[in-house]
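model the structure of this input:
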Amino acid sequence: MTETKAPTLPERVASRIDSLTATERKIAEYLSAHPQEAAFSSAEELGRATGTSDASVVRTAKALGFDGLPGLKRSLQGELQALLSPANRLSNSLATFDVGAEGILTATLRDHVERLQQAERTIDPEAFASAVELIDSARETLICGFAGLDGISAYTATHLTRIGRRARAASDTGYRLADRLLTLGPEDVVVVIAHNRIIVETRVILDLCAEVGARVVLITDTLGEALRDQVDAVLSAPTSRPGTFTSQATVLILLEALVIAVAAQDQERSLQTTDRMNQLREELMGFSRADEVALNLPAAKRDRNRDA
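From the prediction side, this is the model:
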């Protein structure tokens, strides 16, 4: 016997829309249009987002056929898990691109331009300025990105170090993450990169920061409303169209902007540290950067430079 598939949230809303009160309809339409926020937000947060109340949110969930908000959230999380699986994302992306390498290149570049334009609208300039101030004044900045974000995290930590700010990456998962978090204190800042869902590592980091007084900058696509009250600055930027292959290009550009803005806070310090790094490199290599360029020139050009 074939198991009957449970209706999706949009299907539930469509089938019950006429029986809902005006407030319930408003909430139901919001939940249907924002499934990622609804899946991980509390009743109070959803009430605030819809301009209603937590009690109204719970009543709406029951009116849609769920046993309450927890049942609605479990249903949405299950739907999102299927939608956001790597295989489904890649399949959806390929289906939207033109056939052939040139068509894929053009579509990908245009898609990223659109994401960056959207990020310009969604990133709060005051939140960005606050994040820059926090990182610039921190004793140490910890960059936490998981599930393929370890490279971006390490890259950002390296560049913050090169402008004279103590920074390191923490992308370990499970019990190994504990070692990276042990020394966090009230003078530190944690940059958390989190998309789509709140994983165990993110929850542990936020709880620990609240306990020790460390400040938190959140970079996210959809979790801003769900976590806003637990962090000091939210930078909301889209990573991709819903259900398509995830790109972190917007996140990388946002992190680079943070590094440059932090460097601009104290240009002399940043330049001095960069110069010191170049001196150390020269000492380690045994020749200057100018000599390195000359060594990499073709033989004919090296001879002309020597004659000059």
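
check which residues of stretch 184-192 are buried.
Of the residues in stretch 184-192, Leu184, Asp188, Val189, Val190, Val191, Val192 count as buried by neighbour count, 16 or more other Cβ atoms under 10 Å. C-beta: built from backbone N, CA, C; applies to glycine.

in helices only, show me these.
If you go by DSSP state H, the buried residues of stretch 184-192 have nothing in helices.

quick check: of those residues, which lies closest to Ala49?
Val192 (20.8 Å; Cβ to Cβ).

Ser234: what's its closest spatial neighbour, skipping adjacent residues?
One correction, residue 234 is Val, not Ser. Closest residue in space to Val234, ignoring its immediate chain neighbours: Gly224 at 4.5 Å, by Cβ to Cβ, 6 or more residues apart in numbering.

wait, His195
Spatial nearest neighbour of His195, excluding adjacent residues (Cβ to Cβ, 6+ apart): Asp221 at 4.9 Å.

with Ser171 instead?
Distance criterion Cβ to Cβ, 6+ apart; nearest residue to Ser171, sequence neighbours excluded, is Asp150 at 3.5 Å.

if we can go back for a sec, format the buried residues of stretch 184-192 as JSON lines; extra columns: pLDDT and distance to Cys209.
Listed next are the buried residues of stretch 184-192 as JSON lines, based on pLDDT from 0 to 100; distance: Cβ to Cβ, whole Å:
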{"residue": "Leu184", "pLDDT": "97", "distance to Cys209": "7"}
{"residue": "Asp188", "pLDDT": "98", "distance to Cys209": "8"}
{"residue": "Val189", "pLDDT": "98", "distance to Cys209": "9"}
{"residue": "Val190", "pLDDT": "98", "distance to Cys209": "6"}
{"residue": "Val191", "pLDDT": "98", "distance to Cys209": "11"}
{"residue": "Val192", "pLDDT": "97", "distance to Cys209": "9"}
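
so where do the strands sit in the protein?
According to DSSP state E, the chain carries its strands in the segments 141-145, 167-169, 189-194, 215-220, 233-236.

including distance to Lys73, could those strands go into a markdown table?
Formatted as a markdown table, the strands of the chain follow (distance: least, Cβ to Cβ, whole Å):
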| stretch | distance to Lys73 |
| --- | --- |
| strand 141-145 | 24 |
| strand 167-169 | 31 |
| strand 189-194 | 17 |
| strand 215-220 | 18 |
| strand 233-236 | 21 |
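
relative to Thr21, which of the ones you listed is closest?
Among the strands of the chain, strand 233-236 sits nearest to Thr21 (Cβ to Cβ), with 30.8 Å.

got any ranges where the stretch 151-300 of the chain has weak pLDDT?
Where the stretch 151-300 of the chain drops to pLDDT under 70, the residues are 196, 240-246, 287-300.

same check on the stretch 1-150 of the chain?
The model of the stretch 1-150 of the chain has pLDDT under 70 over residues 1-6, 79-99.

at which residues are the helices of it located?
Using DSSP state H, counting those that start in this stretch, the helices of the stretch 1-150 of the chain run over 9-16, 22-33, 35-40, 43-50, 54-63, 69-83, 86-96, 101-122, 125-137, 150-162.

so which of those gets nearest Arg281?
For the helices of the stretch 1-150 of the chain, the distance to Arg281 is smallest for helix 150-162, at 11.0 Å, taking Cβ to Cβ.

by how many degrees do that closest one and strand 189-194 diverge?
Between the axes of helix 150-162 and strand 189-194, defined by axes from the mean of the first three to the mean of the last three Cα atoms, to 10 degrees, the angle is 160 degrees.

which outside residues touch helix 150-162?
Helix 150-162 is contacted from outside by 135, 141, 143-145, 166-171, 191, 193, 248, 251-252, 255-256, 258-259, 262, 273-274, 277, using Cβ atoms under 8 Å, 6 or more residues apart in numbering.

put the buried members of those into a ChimeraX selection.
To isolate the buried ones among the contacts of helix 150-162 in ChimeraX, judged by 16+ other Cβ under 10 Å, type:
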select :135,141,143,144,145,167,168,169,170,171,191,193,248,251,255,258,259,262,273
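
just to revisit the earlier point, residues contacting the residue nearest to Val234?
Leu218, Val234, Ser236.

quick check: of these, which has the highest neighbour count?
Leu218 (25 neighbours; other Cβ atoms under 10 Å).

how near is the residue nearest to that one when sequence neighbours are not counted to Ala28?
Excluding the flanking residues, the one nearest Leu218 by Cβ to Cβ, 6+ apart is Val231, at 4.4 Å. To Ala28, Val231 is 28 Å away according to Cβ to Cβ, to the nearest Å.

quick check: the residue nearest to Ala170 when sequence neighbours are not counted vs Ala261, distance?
Leaving aside its chain neighbours, Ala170 sits nearest to Arg180 (3.6 Å; criterion: Cβ to Cβ, 6+ apart). Going from Arg180 to Ala261 by Cβ to Cβ gives 25 Å.
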